[in-house]
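S.K.: Coordinates for the following, if possible.
(one chain, ligands or ions: 1)
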Amino acid sequence: MIAGQRFDVIVIGAGVVGSSIAMGLAERSLRTLAVDVDLSGRLSSSEKNAGGVRATWWQRVNIVLCRASIEYYQRFRDELGFRQKGYLWLYDAATYASAIEHIPLQRELGQPIEALTPAEVNRRVPEIDKLDGIAGATFSPSDGLINPNLLKEHYRARALKLGAQFLDRAYVVGIENGSSGVRLDCWQSDEPLSDAGLERMMTQDGAGVAENGRMLELNADSIVIASGAWSPTAMKLLAIRNWTEPVRRQICLVDNRVTNLSQYGMIVDTSGVYFHNEGSHILAGYSPPEEPPGYHFNYDGEPFFLNEIWPRLYARMSCMERLRHVTGWAGLYEVSPDRSAIIGRATNRVYEAHSFSGRGVMQSYGAGQALADLIAHGKYGALDASELSRDRFDRGAQVWEELHI
Ligand SMILES: Cc1cc2nc3c(=O)[nH]c(=O)nc-3n(C[C@H](O)[C@H](O)[C@H](O)COP(=O)(O)OP(=O)(O)OC[C@H]3O[C@@H](n4cnc5c(N)ncnc54)[C@H](O)[C@@H]3O)c2cc1C
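M.R.: Numbering: from 1, shown residues only. Coordinates of the predicted model:
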């Protein structure tokens with residue numbers, strides 16, 4: 001019976017980040033429980049992302065966490081569906097100089113990366129035949145694409161093997177942080193939640209409305225907020241300042257019978273559209289800068305493809321002329337003010353890892369290991385994420401991350 005147990009740590013949220021943290025805690029012999037309202041993750045960002053993994057960031061801590069993750073993903077390459085086919089990033093004149101400026105730091109931290117001229121881009125990817133507006137590019141061969149579901153299941157399987165537990169259909173509606181421990185009040189559903197019921201709960205600003213279920217009390221020495229785009233709810237329950245905004249991002253799958261991009265990894269165009277081969281289709285995403293914050297999951301459908309994706313792809317590649325929209329979806333980015341994650345100790349007995357701002361899959365291993373060390377030993381170990389603690393916003397020590405896909 002989970003209800004009567006006292007845990008060392010309870011992790012709220014078991015997406016790719018919470019599952020990685022649970023694994024890290026179990027590896028350090030801490031009695032761990034991860035609680036999620038929907039372990040299948042139907043609305044979670046871990047379910048809705050593009051699977052990109054790269055370490056071509058501009059901030060040292062972000063590169064370090066991604067490099068650690070990449071090295072881990074390499075070890076389990078086949079199990080995780082990790083395809084290290086690189087990231088090809090095309091820059092316009094306004095951004096290329098900054099990209100080049102950060103190459104020495106990336107190399108210093110072990111990230112292989114080369115700069116390419118527009119002609120070299122065309123030689124490497126002949127399908128990119130319209131070179132207008134490309135000032136230069138970078139290619140980072142150890143980056144690539146991963147299957148986020150396999151990654152999440154890998155973390156969970158290892159965590160379970162080491163004694164961690166996972167509790168499904170339990171929604172945290174109250175947090176009481178006392179002097180001797182933390183009490184969580186959860187509403188637990190008797191049956192799997194309907195899609196409509198889950199969406200109703202997860203699109204409200206605060207604890208959602210229950211279908212059929214019961215209240216459940218859980219107790220631990222410490223808790224971790226790993227509830228992704230819903231971390232604002234936990235902050236509200238704890239009366240801690242929230243820094244995070246959920247923002248909708250859309251992706252579409254398109255059919256292109258003419259082109260096969262399977263030999264390439266992720267390609268990011270100067271226009272901001274990003275794409276890669278996905279089975280027999282192409283997965284493409286674009287993030288309109290004017291997207292308002294909020295818990296919105298509606299996918300704009302074919303108009304999104306026709307207005308945002310297709311014109312940008314065809315402007316770059318003639319072979320993209322005859323694309324057909326197949327399907328698409330929307331998920332949430334969890335965006336912090338400086339576009340870097342918030343990781344560390346939030347307050348006494350409360351830890352956090354969220355607001356990855358589009359980087360949660362690629363940083364999940366590094367973040368999980370770093371935080372698990374902090375919780376188990378009271379200080380960071382081999383991976384130091386102290387720059388990402390929430391007090392950076394009060395100290396004016398933001399970790400601004402410029403590249404944002
Ligand atoms: C379109 C799109 C493309 C992206 N592309 C990439 C990419 O290429 N590479 C990359 O690294 N990242 C990408 N991301 C970002 C990445 O998906 C996220 O950063 C990452 O999945 C966050 O993982 P998480 O575990 O923190 O959150 P989530 O996966 O959202 O998990 C949070 C969990 O918490 C649960 N939860 C929330 N509140 C409660 C509560 N009160 N009680 C119980 N459970 C609760 C939810 O059910 C959910 O399962 C993308 C995101 C989107 C939307």
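S.K.: alpha carbons only for contacts and neighbour counts from here, please
M.R.: OK.
S.K.: Strands of the stretch 151-300 of the chain, start to end?
M.R.: Secondary structure of the stretch 151-300 of the chain (DSSP state E, counting those that start in this stretch): strands at 165-167, 170-177, 182-189, 213-225, 245-255, 266-268, 274-278, 281-286.
S.K.: Sheet partners, orientation included, of the fourth one?
M.R.: According to DSSP bridges, strand 213-225 has the following sheet partners: strand 6-12 (parallel), strand 182-189 (antiparallel), strand 350-354 (parallel).
S.K.: backbone phi and psi for residue 62, please?
M.R.: Per-residue torsions, residue 62: phi -70, psi -40 (degrees, to the nearest 10).
S.K.: check contacts around it.
M.R.: Residues in contact with residue 62 (C-alpha atoms under 8 Å, 6 or more residues apart in numbering) are 55, 340, 363.
S.K.: Quick one: neighbours of the first one, just the number.
M.R.: In this case it means residue 55. Residues within reach of residue 55, counting by other C-alpha atoms under 10 Å, total 30.
S.K.: Assign a three-state SS to it, would you?
M.R.: coil (DSSP: H, G, I helix; E, B strand; the rest coil).
S.K.: Tell me the spacing between it and residue 260.
M.R.: For residue 55, the distance to residue 260 equals 26 Å [C-alpha to C-alpha, to the nearest Å].
S.K.: Give me the packing partners of the lowest-mean-pLDDT helix or strand in the chain, helices and strands only.
M.R.: When the helices and strands of the chain are scored by mean pLDDT, DSSP states H and E, helix 195-202 comes last with a mean of 88. Judged by 3 or more C-alpha pairs under 8 Å, 6 or more residues apart in numbering; DSSP states H and E, helix 195-202 is in contact with no other helix or strand.
S.K.: List the buried residues of it.
M.R.: 198, 199, 201, 202 (16 or more other C-alpha atoms under 10 Å).
S.K.: With the ligand as the reference, measure out to the third one.
M.R.: Translated: residue 201. 9 Å (C-alpha to the nearest ligand atom, to the nearest Å).
S.K.: got it, and the first one?
M.R.: For residue 198, the distance to the ligand (C-alpha to the nearest ligand atom) stands at 9 Å.
S.K.: returning to that earlier point: the least confident helix or strand of the chain relative to strand 170-177, how many degrees between them?
M.R.: Orientation check (axes from the mean of the first three to the mean of the last three C-alpha atoms, to 10 degrees): helix 195-202 against strand 170-177 gives 20 degrees.
S.K.: Excluding chain neighbours, give the residue nearest to residue 35 in space.
M.R.: residue 167 (4.8 Å; C-alpha to C-alpha, 6 or more residues apart in numbering).
S.K.: ok, that neighbour - contacts?
M.R.: Neighbouring residues of residue 167 by C-alpha under 8 Å, 6+ apart: 33, 34, 35, 36, 39.
S.K.: The biggest helix by length in the chain packs against which elements?
M.R.: Secondary structure of the chain per DSSP state H: the longest helix is helix 360-377. Counting contacts by 3+ C-alpha pairs under 8 Å, 6+ apart, helix 360-377 is packed against helix 16-27, strand 52-53, helix 60-75, strand 342-347, strand 350-354.
S.K.: and the angle from it to strand 213-225?
M.R.: Going by the same axes, to 10 degrees, helix 360-377 makes 80 degrees with strand 213-225.
S.K.: Can you give the distance from helix 360-377 to the centre of its chain?
M.R.: Computed by C-alpha atoms, centre = their mean, to the nearest Å, the chain-centroid distance of helix 360-377 equals 13 Å.
S.K.: Pull out the buried residues from that helix.
M.R.: Result for helix 360-377 [16+ other C-alpha under 10 Å]: buried residues 360-376.
S.K.: do you know how far the residue nearest the centre of the chain is from residue 142?
M.R.: When C-alpha atoms, centre = their mean is applied to the chain, the residue found nearest the centroid is residue 360 (2.3 Å). Taking C-alpha to C-alpha as the measure, residue 360 falls 18 Å from residue 142.
S.K.: got it, and residue 289?
M.R.: On the measure of C-alpha to C-alpha, residue 289 and residue 142 end up 29 Å apart.
S.K.: Tell me which of those two has more neighbours.
M.R.: Under the criterion of other C-alpha under 10 Å, the comparison of residue 289 against residue 142 puts residue 142 first, with 20 against 6.
S.K.: does that one really touch residue 107, like I thought?
M.R.: No - look at residue 142 against residue 107 with C-alpha atoms under 8 Å: they stay out of range, at 11.9 Å.
S.K.: ok, back up a step: show residues contacting the longest helix of the chain.
M.R.: Counting by C-alpha under 8 Å, 6+ apart, 16-18, 20-25, 28, 30, 46, 51-54, 62, 64-66, 68-70, 72, 148, 343-344, 351, 353-354, 379-385 sit against helix 360-377.
S.K.: Would you check which of these are in contact with the ligand?
M.R.: 16, 17, 18, 46, 51, 52, 53, 354 (C-alpha under 6 Å from any ligand atom).
S.K.: CSV please, covering those and showing neighbour count, pLDDT and distance to residue 131.
M.R.: Output for those, formatted as CSV (neighbours: other C-alpha atoms under 10 Å; pLDDT from 0 to 100; distance: C-alpha to C-alpha, whole Å):
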residue, neighbour count, pLDDT, distance to residue 131
16, 32, 98, 37
17, 29, 98, 38
18, 31, 98, 42
46, 23, 97, 34
51, 20, 94, 26
52, 26, 96, 24
53, 28, 98, 25
354, 28, 98, 38
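S.K.: which among those residues gets closest to residue 298?
M.R.: residue 46 (17.0 Å; C-alpha to C-alpha).
S.K.: The closest one contacts residue 18, doesn't it?
M.R.: No - using C-alpha under 8 Å, residue 46 is not in contact with residue 18, being 10.3 Å away.
S.K.: how far away is the residue nearest to residue 35 from the ligand?
M.R.: Taken as C-alpha to the nearest ligand atom, the span from residue 167 to the ligand is 9 Å.
S.K.: Relative to the ligand, how far out is residue 90?
M.R.: In terms of C-alpha to the nearest ligand atom, residue 90 sits 16 Å off from the ligand.
S.K.: Next: residue 188.
M.R.: Residue 188 is 10 Å from the ligand, by C-alpha to the nearest ligand atom.
S.K.: Kindly state the beta-bridge partners for residue 10.
M.R.: Counting by DSSP bridges, residue 10 is bridged to residue 33, residue 223.
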